[in-house]
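1. I need the structure of the sequence given here:
(2 chains)
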2 protein chains.
Amino acid sequence: VRVHDLPTPALLADVAALDHNLATMGARWPGRALRPHVKAFKCTALARRLAERGHDAFCAATIREIEGLAAAGLGADLLLANEVLDAGRLGGLDAHITVAVDSEATLDAAARAGVPAVLIDVNVGLPRCGCESAEAGRLADLARSRGLEVRGVMGYEGHLVGNPDRDARDDGLSTALTLLRRAWEDVGGPVCSGGGTGTWDQNSLVTELQAGSFVLMDTHYSRLGLPFQEGLSVLATVISGGTTRGRRYAVGNAGLKTLGMDHGNPTIDGAKVWFVSDEHVTFSPDDDADTPLAVTVGDRVRLRPAHIDPTISQHELLWLIDGDEVVDRWEIDLRGW
Amino acid sequence: VRVHDLPTPALLADVAALDHNLATMGARWPGRALRPHVKAFKCTALARRLAERGHDAFCAATIREIEGLAAAGLGADLLLANEVLDAGRLGGLDAHITVAVDSEATLDAAARAGVPAVLIDVNVGLPRCGCESAEAGRLADLARSRGLEVRGVMGYEGHLVGNPDRDARDDGLSTALTLLRRAWEDVGGPVCSGGGTGTWDQNSLVTELQAGSFVLMDTHYSRLGLPFQEGLSVLATVISGGTTRGRRYAVGNAGLKTLGMDHGNPTIDGAKVWFVSDEHVTFSPDDDADTPLAVTVGDRVRLRPAHIDPTISQHELLWLIDGDEVVDRWEIDLRGW
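-> All right, here's what the predicted structure looks like:
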């Protein structure tokens, strides 16, 4: 099958970019030093490709992701890097599960569910989950008193990973990692988990990197100039208008339901994207581009998304492509909750 | 089952609001004068509820929606109100199908596929699909020469329906409907299809209204002050922080993958939403509210989405609620393409 023959909209992954990104990340974070975050791609086939490279300890954000990884035989070491109260669903799974906790309520939920191990989740500057650094030791003691194994700490510098200014990331990291280091000293245990694609070569503290976006990237992360390649796109068919023969704009059949929009519009090479509606993208040639896009009805265009995670989560399938050839088809099987 | 017992995140629909909205719309646009747009809700169970009220001619934006409606026995009169080139998938369905065309390529696709009927899609001001008004008659002739039944015209004033200024909507409509009327005169046929929730009582031309958002509304449409009630919300559990006892913010377990974000953040009554990330929403009490929200870990909060269509399309299930009781569970079965 050739790319041009796929029904549209279709989510495409460039195999060469994927392999490049996995090799690049794996050289710095080999084996279980990388804990790939499946929330970015929600696909056990991609998780398996990572496991084959030695990265067989995964990170997840939802119980459904943990259930799916376990069912796929990828449950050697799963971290639910998120607080949950309905931990009962985790107790019976055939997998070794660790869950993040940041309060008495969440560690009680883990203990009641029979989840064997926890990480103490520490707030390192992002106003989201995580206890105060100074509170981590007390929570660890409490967790141990409930019979839980405390493997260490976790802290995610989500307020820094998207900043395109490398020095600013470094400055922020110094504060964030001080908080995390202090908490780790109080908590103990072998694991300090954290980091992300944006700080992959700057986070000097963590024993395992929680990164996911690097696998296929997006236009937002690409602003950072990292050595990972953009490999994700949404293929659309031009169904109306055109950018040749004096027409002002063209319309592709991929819209809001195919794209994460929180980081803004997708990008089409050689074109200016005017707006995206439920099922459409309207665009015109970018006359400032080296090659302004020239298309007519029936042609295909590729949209590069601004945010990988909520783009992939809207698709059932990911088509793997090598140039113009479709080489595989992976199910996005970890969607939902 | 009570709402509080649902696993979260969960998509909720208030039955009373739904019934109110269907009754209100049906009083003005009875029976097939309303052509409900299933792209808004992607659910055959909700389509069936509309059909039971006499609205059994539907409008769709994707082939998958048409396939699903036909398979559910709701294929009495289906309009694919969108241009498609892979119309071959429509030809064999057990349904009466009409498809929108705005070019020779799209009407050729319909003719080749054996789709019996078309509407000529006319651009009435939104830079998206639709031919120029003056071109409609020529396309109709061409369609008839290919053996297609031309039922009339379609034109969607999508550039107007979200404008909260009623007078501005009226002004824009006068231009838009002039274009559509002229095209209809050239094309002929009994059908003039168009309009939407935002112009439901202002569009004086169309013979059938294409509206979908009115069923459950969203915060964006609610700015218009229409007599339809917001009935859609995403239920989240507070998993970290809290807004009582001196805490600055709380975190709910519903994020970007549960919400259409193109119209901005969701709303939580009594709270200020700080930001939404992949699996989380961070919020604090709104001290200017009559009742600032006070929650702690384990409590539930409801997010009212800014855009109904790309919110519903991210969920597998819609839970129908009557007060605190869950009364039904509908599958969102028209997702995908």
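2. Please count neighbours and contacts with C-alpha atoms only from this point.
-> Will do.
3. Going along the chain, name the strands of the stretch 201-337 of chain A.
-> A:208-209, A:232-241, A:250-252, A:271-277, A:280-285, A:300-303, A:317-322, A:325-331 (DSSP state E, counting those that start in this stretch).
4. Highest mean neighbour count out of those strands?
-> Among those, strand A:250-252 has the highest mean neighbour count (mean count of other CA atoms under 10 Å in any protein chain shown), at a mean of 30.
5. That one pairs with which strands, parallel or anti?
-> As defined by DSSP bridges, the strand partners of strand A:250-252 come to strand A:232-241 (antiparallel), strand A:280-285 (antiparallel).
6. Now mean pLDDT too, for those strands, in JSON lines please.
-> JSON lines is the format used below for those (pLDDT from 0 to 100):
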{"stretch": "strand A:232-241", "mean pLDDT": "98"}
{"stretch": "strand A:280-285", "mean pLDDT": "97"}
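7. Enumerate the residues of the stretch 51-200 of chain A near chain B.
-> A:61, A:83-86, A:102-103, A:105-106, A:127-130 (CA under 8 Å from any CA of the partner chain).
8. Compile those residues into a markdown table and extend it with columns for pLDDT and secondary structure.
-> Listed next are those as a markdown table, based on pLDDT from 0 to 100; DSSP: H, G, I helix; E, B strand; the rest coil:
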| residue | pLDDT | secondary structure |
| --- | --- | --- |
| A:Ala61 | 98 | coil |
| A:Glu83 | 98 | coil |
| A:Val84 | 97 | coil |
| A:Leu85 | 96 | coil |
| A:Asp86 | 93 | coil |
| A:Asp102 | 98 | coil |
| A:Ser103 | 97 | coil |
| A:Ala105 | 97 | helix |
| A:Thr106 | 97 | helix |
| A:Pro127 | 96 | coil |
| A:Arg128 | 97 | coil |
| A:Cys129 | 97 | coil |
| A:Gly130 | 97 | coil |
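9. Dump the strands of the stretch 201-337 of chain A into JSON lines; add distance to A:Ile120 as well.
-> Formatted as JSON lines, those follow (distance: least, CA to CA, whole Å):
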{"stretch": "strand A:208-209", "distance to A:Ile120": "15"}
{"stretch": "strand A:232-241", "distance to A:Ile120": "34"}
{"stretch": "strand A:250-252", "distance to A:Ile120": "46"}
{"stretch": "strand A:271-277", "distance to A:Ile120": "41"}
{"stretch": "strand A:280-285", "distance to A:Ile120": "44"}
{"stretch": "strand A:300-303", "distance to A:Ile120": "39"}
{"stretch": "strand A:317-322", "distance to A:Ile120": "34"}
{"stretch": "strand A:325-331", "distance to A:Ile120": "33"}
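10. rewinding a little: can you tell me which of the residues of the stretch 51-200 of chain A next to chain B comes closest to A:Leu226?
-> A:Ala61 (24.1 Å; CA to CA).
11. Spit out the contact partners of the closest one.
-> Contacts for A:Ala61 (CA atoms under 8 Å, 6 or more residues apart in numbering or on different chains) come out as A:His37, A:Val38, A:Lys39, A:Leu80, A:Ala81, A:Asn82, B:Glu279.
12. just A:Leu18 next, same as before
-> Applying CA under 8 Å, 6+ apart to A:Leu18 gives the contacts A:Val215, A:Leu216, A:Gln229, A:Gly231.
13. So which of the residues you listed wins on neighbours?
-> Highest neighbour count within the contacts of A:Leu18: A:Val215, with 30 neighbours (other CA atoms under 10 Å in any protein chain shown).
14. list the helices and strands the lengthiest helix in chain A packs on?
-> The helix that spans the most residues within chain A, counting by DSSP state H, is helix A:166-187. For helix A:166-187, the packing partners by 3 or more CA pairs under 8 Å, 6 or more residues apart in numbering or on different chains; DSSP states H and E come out as helix A:136-145, strand A:149-155.
15. Of the ones you listed, which is nearest A:His4?
-> The closest of the helices and strands packed on helix A:166-187 to A:His4 is strand A:149-155. By CA to CA, the value is 43.4 Å.
16. and the closest one, how far out from the chain's middle?
-> Distance, stretch centre to chain centre, for strand A:149-155: 21 Å (CA atoms, centre = their mean, to the nearest Å).
17. go on, stretch A:217-227?
-> Using CA atoms, centre = their mean, the offset of stretch A:217-227 from its chain centre is 13 Å.
18. ok, which residues in the stretch 201-337 of chain A are in contact with chain B?
-> A:239-241, A:249-251, A:256-257, A:260-262, A:264, A:278-280, A:282, A:297-298, A:309-310, A:313-316, A:336-337.
19. Would you mind checking those for buried ones?
-> Neighbour counting by 16 or more other CA atoms under 10 Å in any protein chain shown classes A:239-241, A:249-251, A:256-257, A:260-262, A:264, A:278-280, A:282, A:297-298, A:309-310, A:313-316, A:336-337 among those as buried.
20. Let me see the ranges of the helices in the stretch 1-150 of chain A.
-> Using DSSP state H, counting those that start in this stretch, the helices of the stretch 1-150 of chain A run over A:15-28, A:44-52, A:63-71, A:88-91, A:104-113, A:136-145.
21. Compare the mean pLDDT across these and name the weakest.
-> Lowest mean pLDDT within the helices of the stretch 1-150 of chain A: helix A:88-91, a mean of 92.
22. tell me what that helix is packed against?
-> By 3+ CA pairs under 8 Å, 6+ apart, helix A:88-91 packs against helix A:63-71, helix A:104-113.
23. Would you mind getting the angle between the longest helix of chain A and helix A:136-145?
-> 50 degrees (axes from the mean of the first three to the mean of the last three CA atoms, to 10 degrees).
24. Give me the contact list for helix A:166-187.
-> Helix A:166-187 is contacted by residues A:120, A:122-125, A:133-137, A:140-141, A:150, A:152-155, A:157, A:160-161, A:163, A:192, A:199, A:202-203, A:205, A:224 when judged by CA under 8 Å, 6+ apart.
25. What are the buried residues along it?
-> Residues of helix A:166-187 classed as buried: A:166, A:169, A:172-173, A:176-177, A:179-181, A:183-184, A:186-187 (neighbour count, 16+ other CA under 10 Å).
26. Could you dump those into JSON lines with pLDDT added?
-> Formatted as JSON lines, those follow (pLDDT from 0 to 100):
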{"residue": "A:Arg166", "pLDDT": "96"}
{"residue": "A:Arg169", "pLDDT": "96"}
{"residue": "A:Gly172", "pLDDT": "97"}
{"residue": "A:Leu173", "pLDDT": "97"}
{"residue": "A:Ala176", "pLDDT": "98"}
{"residue": "A:Leu177", "pLDDT": "98"}
{"residue": "A:Leu179", "pLDDT": "98"}
{"residue": "A:Leu180", "pLDDT": "98"}
{"residue": "A:Arg181", "pLDDT": "98"}
{"residue": "A:Ala183", "pLDDT": "98"}
{"residue": "A:Trp184", "pLDDT": "98"}
{"residue": "A:Asp186", "pLDDT": "98"}
{"residue": "A:Val187", "pLDDT": "98"}
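27. nearest to B:Arg53, of the strands of the stretch 201-337 of chain A?
-> Minimum separation from B:Arg53 across these (CA to CA) falls at strand A:271-277, 29.2 Å.
28. just checking, what packs against the closest one?
-> Against strand A:271-277 (3+ CA pairs under 8 Å, 6+ apart) you get strand A:280-285.
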